[in-house]
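Engineer: Quick check, what structure comes out for this input:
(4 chains)
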4 protein chains.
Amino acid sequence: MSSAEFIFEETVRIYDTDAQGIAHYASYYRFFTNTIEKYMREKAGIPYPNVNDELWFVMVESHATYKKPVKLGDRLTILLSPKALSKKVIRFDFKILKEGQVTTEGYVIQVAINPKVWKSVEIPEDILKKIVSV
Amino acid sequence: MSSAEFIFEETVRIYDTDAQGIAHYASYYRFFTNTIEKYMREKAGIPYPNVNDELWFVMVESHATYKKPVKLGDRLTILLSPKALSKKVIRFDFKILKEGQVTTEGYVIQVAINPKVWKSVEIPEDILKKIVSV
Amino acid sequence: MSSAEFIFEETVRIYDTDAQGIAHYASYYRFFTNTIEKYMREKAGIPYPNVNDELWFVMVESHATYKKPVKLGDRLTILLSPKALSKKVIRFDFKILKEGQVTTEGYVIQVAINPKVWKSVEIPEDILKKIVSV
Amino acid sequence: MSSAEFIFEETVRIYDTDAQGIAHYASYYRFFTNTIEKYMREKAGIPYPNVNDELWFVMVESHATYKKPVKLGDRLTILLSPKALSKKVIRFDFKILKEGQVTTEGYVIQVAINPKVWKSVEIPEDILKKIVSV
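Structural biologist: Next up is the predicted model:
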């Protein structure tokens, strides 16, 4: 299935930083989540990660590699590529750039579940299409 | 109603700090929550803040004053005094000390609700007693 | 001294919520910080909270009252009113609205310091003007 | 180089959870950090992650796989295995268990730097020994 690239702009805020004077490593997962959330709202047009009473996206894996630190006030550009790994599983790849240079790369993988029974389910085709082929 | 004092030890961790080299102001609310949680578990013997399906403690007010900054690795002593403001409302007062000196003071106020109807309820007397007169 | 009102739009994201199904009480302080940061960047035109090597804004007090809960995906409107309490101290008042109704009110108070000596200082007049009379 | 296993007990607190009623995926990185911090303080006897003015541990990679969700109030057992990948780089592997069952696995990789020049450095042998062969 095809993938689309989405661009999100973010600022490094004081609560993202730590006493090393750089963004804390776990803050990048907030940048990732912010990017998916905006993509889902503005491009795919679906609530995220709780789509409805029978469809939630639950995290199964997260990963990040930190190449260059970012600092308080830095303006970041976050590139998102969503991809369906199966009818149930979506992978979101990220690249974070500062002034054109890659500072961080990462991904998160989410599985669709029915929260009523907490079991994996196939993502309805119309929803999947909105996510991976905008 | 009477109140009891409870002591909790905490370390300032890297994610508590920010690029000012001190604990971020919102991290203190995590110190407060940690202290109540431990008090409830070890002293009062009740789950917190979701006691059961018909009793949750929901936040209605939070406050902190920051007198002296604390830094990465600092060992903090947090004093907690719970107090019933009514049969439905509890106030938790905090003092945070570092090496015997008060660095921070604050409080949070929580109201008991029934989450099924999201309305305030009286705290059952046996539970209230466990909280305010340990 | 005069004050200006600034409006910021925010979405309640999954990491803002907790197992009560509502925004966690400390998440509102992130909403407050986001609002000041955007105000400082877009309206006042100064880095925040670390303006330069000789001027930082350090938190001395924070407060919030929670009137109505907000939930995952809710769109919030945050009103900010900055006010100089003295030549060294600024108070930021907040109102958070959802669909026209006030859900949360609060404030934070910050003092200007010189981080090299960690002492309070007067805010240079040109900077103070940018903050309180945009 | 040899590795040692360290055990840390943690409770899932309200701020660790989200509106899916489970621990938020990024909260596990806080569990990881808490475990390393306690290991460094109690076993290795060194400040973490800022050891001294010439030695900091900076994050270069983080990873987690989520097998089973954990909930508010769950008591977790976190197993830590530190390992030197080189004289400059340490990998910390984690397993999180709930009632004997693995819920989460992950790792973080950190490089030693001299913060004055922000360049990687070899970890002094006495410090490296304390970390990987306790």
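Engineer: What parts of chain A come near chain B?
Structural biologist: Residues of chain A that fall close to chain B, judged by C-beta under 8 Å from any C-beta of the partner chain: A:14, A:15, A:17, A:18, A:19, A:20, A:21, A:22, A:24, A:26, A:71, A:72. All C-beta spots, glycine's among them, are computed from the backbone N, C-alpha and C.
Engineer: ok, of the residues you listed, which come out buried?
Structural biologist: Taking 16 or more other C-beta atoms under 10 Å in any protein chain shown as the criterion, what is buried in the residues of chain A next to chain B is A:14, A:15, A:17, A:18, A:19, A:20, A:21, A:22, A:24, A:26, A:72.
Engineer: The second one touches residue C:33, doesn't it?
Structural biologist: I take that to be residue A:15. Yes: with contact defined as C-beta atoms under 8 Å, residue A:15 and residue C:33 form a contacting pair (6.0 Å).
Engineer: Can you pull the residues that touch both of those two?
Structural biologist: Listed as contacting both residue A:15 and residue C:33 by C-beta atoms under 8 Å, 6 or more residues apart in numbering or on different chains are residue B:26.
Engineer: Residue B:86: which of the buried ones among the residues of chain A next to chain B is nearest?
Structural biologist: Using C-beta to C-beta, residue A:15 comes nearest to residue B:86 of those, at 34.0 Å.
Engineer: Spatially nearest residue to that closest one (excluding sequence neighbours)?
Structural biologist: Distances taken as C-beta to C-beta, 6 or more residues apart in numbering or on different chains put residue B:24 closest to residue A:15, at 5.5 Å, once the chain neighbours are dropped.
Engineer: Packing partners of the top strand by length along chain A?
Structural biologist: Longest strand of chain A, by residue count under DSSP state E: strand A:101-114. Contact here means 3 or more C-beta pairs under 8 Å, 6 or more residues apart in numbering or on different chains; DSSP states H and E; on that basis strand A:101-114 packs against helix A:27-39, strand A:55-66, strand A:89-98, strand A:119-120.
Engineer: To chain C, which of the ones you listed lies closest?
Structural biologist: Nearest of these to chain C, taken as C-beta to the nearest C-beta: helix A:27-39 at 5.4 Å.
Engineer: Mind putting the helices and strands packed on strand A:101-114 into TSV with mean pLDDT and distance to residue A:130?
Structural biologist: Converted to TSV, these look like this (pLDDT from 0 to 100; distance: least, C-beta to C-beta, whole Å):
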stretch	mean pLDDT	distance to residue A:130
helix A:27-39	98	10
strand A:55-66	98	12
strand A:89-98	98	12
strand A:119-120	98	19
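Engineer: would you turn these into CSV with distance to chain D and mean neighbour count?
Structural biologist: Converted to CSV, these look like this (distance: least, C-beta to the nearest C-beta, whole Å; neighbours: other C-beta atoms under 10 Å in any protein chain shown):
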stretch, distance to chain D, mean neighbour count
helix A:27-39, 4, 22
strand A:55-66, 4, 21
strand A:89-98, 12, 20
strand A:119-120, 13, 13
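Engineer: how much space between residue A:112 and chain B?
Structural biologist: Using C-beta to the nearest C-beta, to the nearest Å, residue A:112 is found at 27 Å from chain B.
Engineer: The residue nearest to that residue when sequence neighbours are not counted: how many residues sit nearby?
Structural biologist: Among residues not flanking residue A:112 along the chain, residue A:123 sits closest, at 4.6 Å (C-beta to C-beta, 6+ apart). Using other C-beta atoms under 10 Å in any protein chain shown, residue A:123 has 23 other residues around it.
Engineer: so the residue of chain A most remote from its centre is in which element?
Structural biologist: No residue in chain A sits farther from the centre than residue A:19, which is 25.9 Å out by C-alpha atoms, centre = their mean. If you go by DSSP states H and E, residue A:19 is not part of any helix or strand.
Engineer: Looking at the residues of chain A next to chain B, which is nearest residue A:115?
Structural biologist: residue A:26 (25.1 Å).
Engineer: right, and the closest one touches residue D:24 too?
Structural biologist: No: counting by C-beta under 8 Å, residue D:24 is not a contact partner of residue A:26; they are 10.4 Å apart.
Engineer: ok, so what distance separates the closest residue to residue A:10 other than its chain neighbours from residue A:11?
Structural biologist: Among residues not flanking residue A:10 along the chain, residue A:76 sits closest, at 4.6 Å (C-beta to C-beta, 6+ apart). Going from residue A:76 to residue A:11 by C-beta to C-beta, to the nearest Å gives 7 Å.
Engineer: about what we covered before: contact partners for the residue nearest to residue A:15?
Structural biologist: The contact partners of residue B:24, by C-beta under 8 Å, 6+ apart, come to A:14, A:15, B:16, B:17, B:18.
Engineer: Please apply the same query to residue A:39.
Structural biologist: Here residue A:39 is in contact with A:6, A:8, A:80, A:82 (C-beta under 8 Å, 6+ apart).
Engineer: Wait, a strand at the second one?
Structural biologist: If I follow you right, that is residue A:8. Yes: under DSSP: H, G, I helix; E, B strand; the rest coil, residue A:8 sits within a strand.
Engineer: ok, so what distance separates it from chain C?
Structural biologist: Residue A:8 sits at a distance of 13 Å from chain C (criterion: C-beta to the nearest C-beta).
Engineer: just to revisit the earlier point, return the member of the contacts of residue B:24 nearest to residue D:60.
Structural biologist: Taking C-beta to C-beta as the measure, residue D:60 lies nearest residue B:17 of those, at 19.7 Å.
Engineer: Wait, that closest one touches residue B:71, no?
Structural biologist: Yes: at 7.1 Å, residue B:17 counts as touching residue B:71 under the criterion of C-beta under 8 Å.
Engineer: overlap in contacts of the two?
Structural biologist: Common neighbours of residue B:17 and residue B:71 (C-beta under 8 Å, 6+ apart) are A:19, B:23.
Engineer: Of the helices and strands packed on strand A:101-114, which is nearest residue D:63?
Structural biologist: Nearest to residue D:63, of all the helices and strands packed on strand A:101-114, is strand A:55-66, at 4.7 Å by C-beta to C-beta.
Engineer: Is chain C within reach of that closest one?
Structural biologist: No: using C-beta under 8 Å from any C-beta, strand A:55-66 stays clear of chain C, with a minimum separation of 9.4 Å.
Engineer: so that strand versus helix A:27-39, what angle?
Structural biologist: Counting by axes from the mean of the first three to the mean of the last three C-alpha atoms, to 10 degrees, strand A:55-66 lies at 140 degrees to helix A:27-39.
Engineer: From the contact counts, what lies against strand A:55-66?
Structural biologist: Going by 3+ C-beta pairs under 8 Å, 6+ apart, strand A:55-66 lies up against helix A:27-39, strand A:50-52, strand A:101-114, strand D:55-66.
Engineer: quick one, the first one and strand A:101-114 angle?
Structural biologist: Compare the direction of helix A:27-39 with that of strand A:101-114 by the same axes, to 10 degrees and you get 60 degrees.
Engineer: where's helix A:27-39 relative to the chain centroid, distance-wise?
Structural biologist: From the chain centre to the centre of helix A:27-39 is a distance of 5 Å (C-alpha atoms, centre = their mean, to the nearest Å).
Engineer: Name every strand pairing with the longest strand of chain A and say which way it goes.
Structural biologist: As defined by DSSP bridges, the strand partners of strand A:101-114 come to strand A:55-66 (antiparallel), strand A:89-98 (antiparallel), strand A:119-120 (antiparallel).
Engineer: Now do the last one: distance to the chain's middle.
Structural biologist: With C-alpha atoms, centre = their mean as the basis, the distance from the averaged C-alpha position of strand A:119-120 to the chain average is 21 Å.
Engineer: Ok, stretch A:107-114 next?
Structural biologist: The answer for stretch A:107-114 is 11 Å, by C-alpha atoms, centre = their mean.
Engineer: One more: stretch A:15-27?
Structural biologist: Centre-to-centre, stretch A:15-27 and its host chain are 19 Å apart (C-alpha atoms, centre = their mean).
Engineer: swap in stretch A:38-53?
Structural biologist: With C-alpha atoms, centre = their mean, you get 12 Å for stretch A:38-53.
Engineer: CA-only coordinates of that stretch in CSV, if you can.
Structural biologist: Provided in CSV are the C-alpha atoms of stretch A:38-53 (Å, rounded to 0.1, in the frame of the first residue of the first chain):
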residue,chain,number,x,y,z
LYS,A,38,-2.3,16.5,13.4
TYR,A,39,-2.1,14.3,10.4
MET,A,40,-5.1,12.2,11.4
ARG,A,41,-7.1,15.3,12.2
GLU,A,42,-6.2,17.5,9.2
LYS,A,43,-5.4,14.9,6.5
ALA,A,44,-7.1,11.6,7.3
GLY,A,45,-10.0,13.3,9.1
ILE,A,46,-10.3,10.7,11.9
PRO,A,47,-10.0,11.0,15.7
TYR,A,48,-6.8,9.6,17.0
PRO,A,49,-5.8,7.2,18.6
ASN,A,50,-9.4,6.4,19.7
VAL,A,51,-11.3,6.4,16.4
ASN,A,52,-14.6,5.2,17.8
ASP,A,53,-16.0,2.8,20.4
